[in-house]
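>>> Fold the following, please.
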Amino acid sequence: METIFKDKNGEPIYVLGLQSHNSSNGAWELIDKSIQAVKLYHGNTLEVPVYWFQVEPEEGKFDLSVVEGLIKRVRDNGLYLVILWFGFSKNAGNTYLPEWAKEDAERFWSAVGPDGCAVPIVSPNCDAVYEADKKAFMALMQCIKNFDEKERTVIAVQVENELGLYNIDRCYSKKAQAEFDKGVPKELEGITLEDSGAKRNDNSWYGKFGRHAHEAFSAWHFGCGVEKIAAAGKSIYPNMPLFANTMIGEIRMEVAGHSYSSGSPVGRVLDIWKAAAPSLSLIAPDIYQRFRSGYHRICRTYKRKNNPLFIPETGTMGDGFASHIIHAAVDYAALGICGFGAESTLDADMKLHPEAKKVAASMDIIKSMSPVLLKYGGTDKLFCLSQEEFQAHEYIKREKYHIQFNFSSETPSQRPPGFPRSFGTNLPVTNLGAKDPDYYVQRGRAIVFEKDPYDFYLAGIGVAARFLLRTEVGDKFPVIINQSRSATEVAALTIEEGHFTKDCEWVCDFKRRGDELNPGALLYPGMVLRVKLNPNACRPVAV
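Alright, predicted model coming up:
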């Protein structure tokens, strides 16, 4: 699959990591804590905000020393860095504006509601804020280019953060109203919004976008403003990928300015944003939906031909997010996944909280399969599964084999008394498992790569796979195959624990034979299991 994330040699990177809390940059003990958390999550990337007020404390006077210090700190720890530009907007607020900009309320004027009251964000129709933000952003991009272009520690920059208008759906100032009265620009010709009710009988915002006219208007102006900033940054550092993140609109009653910030690049107005801001490589959703259908809905919305999926923020703890990110990586070919709040995942001893270990295990699984994801992502050679509540097993049918995945937490036979027995007598993980057995039998999930119909590579946790050869059309005695152990993984040519190189070459680290096959193709984090089945097994032979 194609990715926007590349290292200094132009090689693709599968991004896995965490994001620091909002105000951590410059507080180096918090950045160090974030770095430690990324490593415990088996990640390769840290996302950190850079603030406009920090970069330009006085208008026209730029201080990039904190940015250089951040890049060096992350580089020295062997990680990549995604910089998040907190400029004129952060979560529908202006808290990261410099003091000099906040004080100049006439120049950087706030959005106004229909009652005439201001809201705490600069209006999307205020051109001055984009021009001022642009100058600071250009200084940031120049700093990154000068300090890091050769090393390529910084692999992407996010432009603003979850911008939008809250409590109102658009700016009702006189200037905004004059813009609204001009009608819809030609760049939006052909774009329609679902459930708008628009009659499309004139070029007004109501005529084109109906009940969503105000949200569409706000999205267009925010998008055009971000484009001014992003395009200026691109002129400084052309091969640095830029993206925007967004809160999701598929929440609560799904009403702009009420359920979420109006003008954000939510699913409903994603087409408008793509037209408004072509300098952005992608628009990325921050997904905190704990339930499966909600998480998958967002992934489907943002995985498009012109917008690959990247998740810059998601949950860092619990069974739900541990399962969801597996599906994001495989079913939706996500280019990368980062959890929010790195520092909060660690306890006072700088160790992961118990619930954090679950998502960390999933990141380890994704990491182990990342060379395969980069090469085969989005193809039918990859599939995944995750255990639902009360589910004991899952059946998947492939071209040549039936595969049954037995989940340890709901299958008593997979978890007899004494952890070492349930994991075979002599696996590399046996001693670790004896110390923390519950970790290895958490809710099951797995990624599977089918190199060919007889060669499978599996990574997962809390699950063991059983294979059974499928009968061919015309087999006169299918019961022989269906009941024969020779038709299962027991007769495999080889079952190996190992890993993939960055070039997707297989390396065997340990071969399972004998008693170690008793649990089936048992999976645990930190390795990939190869099951190479025998195409000639369970076939009649001449005697």
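
>>> alpha carbons only for contacts and neighbour counts from here, please
OK.

>>> Okay, strands next: where are they in the stretch 51-200 of the chain?
80-90, 110-112, 118-122, 154-161 (DSSP state E, counting those that start in this stretch).

>>> Would you mind saying which of these lies nearest residue 444?
Nearest of the strands of the stretch 51-200 of the chain to residue 444, taken as C-alpha to C-alpha: strand 80-90 at 29.8 Å.

>>> tell me what the closest one is packed against?
On a contact count with 3 or more C-alpha pairs under 8 Å, 6 or more residues apart in numbering; DSSP states H and E, strand 80-90 meets strand 45-51, helix 52-55, helix 65-76, strand 118-122, helix 127-148, strand 154-161.

>>> The third one: which residues count as buried?
Read it as helix 65-76. 66-67, 70-71, 73-75 (16 or more other C-alpha atoms under 10 Å).

>>> Same question for the fourth one.
Of the residues in strand 118-122, 118-122 count as buried by neighbour count, 16+ other C-alpha under 10 Å.

>>> Can you tell me which of these comes closest to residue 515?
Checking the buried residues of strand 118-122 one by one against residue 515 (C-alpha to C-alpha), the nearest turns out to be residue 121, at 65.1 Å.

>>> Look up how far residue 261 lies from the closest one.
11 Å (C-alpha to C-alpha, to the nearest Å).

>>> how about stretch 383-391 as CSV, C-alpha atoms only?
Only the C-alpha atoms of stretch 383-391 are listed here, as CSV (Å, rounded to 0.1, in the frame of the first residue of the first chain):
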residue,chain,number,x,y,z
PHE,A,383,-7.5,-10.6,7.2
CYS,A,384,-8.1,-10.2,10.9
LEU,A,385,-10.5,-11.2,13.7
SER,A,386,-11.4,-10.1,17.2
GLN,A,387,-13.4,-11.8,19.8
GLU,A,388,-16.8,-10.6,20.6
GLU,A,389,-18.4,-10.9,24.1
PHE,A,390,-19.2,-14.5,25.0
GLN,A,391,-17.6,-15.7,21.7
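
>>> how far does that stretch sit from the chain's center?
Distance, stretch centre to chain centre, for stretch 383-391: 20 Å (C-alpha atoms, centre = their mean, to the nearest Å).

>>> Counting neighbours, what do you get for the closest residue to residue 457 other than its chain neighbours?
Nearest-residue entry for residue 457: residue 530, 4.4 Å, with adjacent residues in sequence omitted and distances by C-alpha to C-alpha, 6 or more residues apart in numbering. Residue 530: 25 surrounding residues under other C-alpha atoms under 10 Å.

>>> closest to residue 314 out of the strands of the stretch 51-200 of the chain?
Per C-alpha to C-alpha, nearest to residue 314 of the strands of the stretch 51-200 of the chain: strand 154-161, 14.3 Å.

>>> does residue 80 really touch residue 46, like I thought?
Yes: contact status for residue 80 versus residue 46: in contact at 6.3 Å, counting by C-alpha atoms under 8 Å.

>>> Now do the shared contacts for those two.
residue 74 (C-alpha atoms under 8 Å, 6 or more residues apart in numbering).

>>> Give me the domain ranges for this protein.
1-16+295-378, 44-280, 386-532 (automatic domain parsing).

>>> So which of those domains is nearest residue 36?
For residue 36, the closest of the domains of the chain is domain 1-16+295-378, at 7.7 Å, according to C-alpha to C-alpha.

>>> In contact with the closest residue in space to residue 56 that isn't next to it in sequence, which residues are there?
Excluding the flanking residues, the one nearest residue 56 by C-alpha to C-alpha, 6+ apart is residue 62, at 4.6 Å. By C-alpha under 8 Å, 6+ apart, residue 62 lies in contact with 55-56, 136, 139.

>>> and residue 62, how far is that from residue 319?
44 Å.

>>> go on, residue 223?
36 Å.

>>> For these two, work out which one has more neighbours and name it.
residue 223 (25 against 20).

>>> TSV for the buried residues of strand 118-122, including distance to residue 268?
Output for the buried residues of strand 118-122, formatted as TSV (distance: C-alpha to C-alpha, whole Å):
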residue	distance to residue 268
118	26
119	23
120	24
121	22
122	23
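
>>> Tell me the one among the residues you listed nearest to residue 470.
residue 121 (62.1 Å).

>>> could you dump the buried residues of helix 65-76 to JSON lines with pLDDT and distance to residue 290?
JSON lines is the format used below for the buried residues of helix 65-76 (pLDDT from 0 to 100; distance: C-alpha to C-alpha, whole Å):
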{"residue": "66", "pLDDT": "98", "distance to residue 290": "35"}
{"residue": "67", "pLDDT": "98", "distance to residue 290": "34"}
{"residue": "70", "pLDDT": "98", "distance to residue 290": "32"}
{"residue": "71", "pLDDT": "98", "distance to residue 290": "33"}
{"residue": "73", "pLDDT": "98", "distance to residue 290": "33"}
{"residue": "74", "pLDDT": "98", "distance to residue 290": "30"}
{"residue": "75", "pLDDT": "98", "distance to residue 290": "33"}
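
>>> How far does stretch 396-406 stretch from one end to the other?
First-to-last distance for stretch 396-406 - C-alpha to C-alpha - comes to 11 Å.

>>> Need the residues that contact that stretch.
Contacts of stretch 396-406 (C-alpha under 8 Å, 6+ apart): 392-395, 414, 453-454, 463-470.

>>> which of those residues sit farthest apart?
Maximum distance among the contacts of stretch 396-406 (C-alpha to C-alpha): 26.3 Å, for 414 and 453.

>>> So which of these two has more stuff around it?
Taking neighbours as other C-alpha under 10 Å, residue 414 and residue 453 compare with residue 414 leading, 23 against 14.

>>> Give me the pLDDT value at the residue nearest to residue 56.
In this model, residue 62 is scored at 98, pLDDT.

>>> For residue 294, see how far away it is.
Plainly put, residue 62 is 42 Å away from residue 294 if you go by C-alpha to C-alpha.

>>> for the stretch 401-543 of the chain, what are the low-confidence residue spans?
Scanning the stretch 401-543 of the chain with the threshold set as pLDDT under 70 gives 411-426, 430-431, 434, 539-543.

>>> Show me the strands in the stretch 301-450 of the chain, by range?
Using DSSP E, counting those that start in this stretch, the strands found in the stretch 301-450 of the chain span residues 313-314, 336-340, 382-386, 393-397, 401-407, 445-452.

>>> tell me, how many neighbours does the nearest residue to residue 427 once chain neighbours are set aside end up with?
Leaving aside its sequence neighbours, residue 427 sits nearest to residue 516 (C-alpha to C-alpha, 6+ apart; 6.8 Å). Residues near residue 516, counting by other C-alpha under 10 Å, number 19.

>>> cool, and residue 289?
Neighbours of residue 289 under the rule other C-alpha under 10 Å: 20.

>>> Leaving out sequence neighbours, find the closest residue to it.
residue 295 is the one closest to residue 289 (C-alpha to C-alpha, 6+ apart), at 5.3 Å.

>>> Validate this expectation: the one you found resides in a helix.
Yes: assigned with DSSP: H, G, I helix; E, B strand; the rest coil, residue 295 falls within a helix.
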